[in-house]
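Student: need coordinates for the below:
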Amino acid sequence: MKNEMAEPTIYPVRIISQQPDGYRRASITLKRGVNEHRVTEPQLEALKKDTRLTVQVIQASESAATQSHLESGSVGSDVALDLSQAPEELAHIIAALYELKPTKKPNVDELAFEVDGISGEQKPSAAERDEAWAWYQTHVVNEEQ
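Tutor: Numbers count the residues shown, from 1 in each chain. Predicted coordinates:
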């Protein structure tokens, strides 16, 4: 006989927020930077729909290996991405660059994003992309080397 009250699937996730501390989504209070939580599928879907957040499902092996390396306000495992000094209006573009890890400056189409309440993808201007790329090269790539 099938159990009607089956346990919900729980996903370990890394949520990257550029919103101020206290921002809430899917019944979770977030801080600016990296947040790690265990969420249900409905929570995961709600988090993924929020274009102000970057959500990564953490693989079990990654979760154990990286948890001790994470720092508040950072992204990643061995290298922290501290966006506290980044221009606030460029933080989402810099976070996208960090996730893409491009070897050359991407075009604006590669950095397209969605904004709640606005239909279609939004793209940064070439100037915003250039400024974010310069910050990324100085504060992330150069520090990794």
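Student: can you tell me the element the closest residue to residue 97 other than its chain neighbours falls in?
Tutor: Counting by Cβ to Cβ, 6 or more residues apart in numbering, residue 97 lies nearest to residue 136, which is 4.5 Å off, once chain neighbours are set aside. C-beta coordinates here come from the backbone N, C-alpha and C atoms, glycine included. Using DSSP states H and E, the secondary-structure element containing residue 136 is helix 126-136.
Student: next one: that helix to chain centre, how far?
Tutor: Relative to the mean C-alpha coordinate of its chain, helix 126-136 is positioned 18 Å out (Cα atoms, centre = their mean, to the nearest Å).
Student: what does it contact?
Tutor: Counting contacts by Cβ atoms under 8 Å, 6 or more residues apart in numbering, the residues outside helix 126-136 that touch it are 86-87, 89-90, 93-94, 97-98, 105-108, 111, 124.
Student: try it again at 6 Å.
Tutor: 86, 90, 93-94, 97, 105, 108 (Cβ atoms under 6 Å, 6 or more residues apart in numbering).
Student: wait, isn't residue 93 in contact with residue 125?
Tutor: No - applying Cβ atoms under 6 Å as the test, residue 93 and residue 125 come out as separate, 10.1 Å apart.
Student: the two: which is more packed in?
Tutor: Ranked by neighbour count (other Cβ atoms under 10 Å), residue 93 and residue 125 place residue 93 first, with 23 against 9.
Student: show me the contacts for the more buried one.
Tutor: Here residue 93 is in contact with 111, 124, 132 (criterion: Cβ under 6 Å, 6+ apart).
Student: kindly recompute the last result at 7 Å.
Tutor: 111, 124, 128-129, 132 (Cβ atoms under 7 Å, 6 or more residues apart in numbering).
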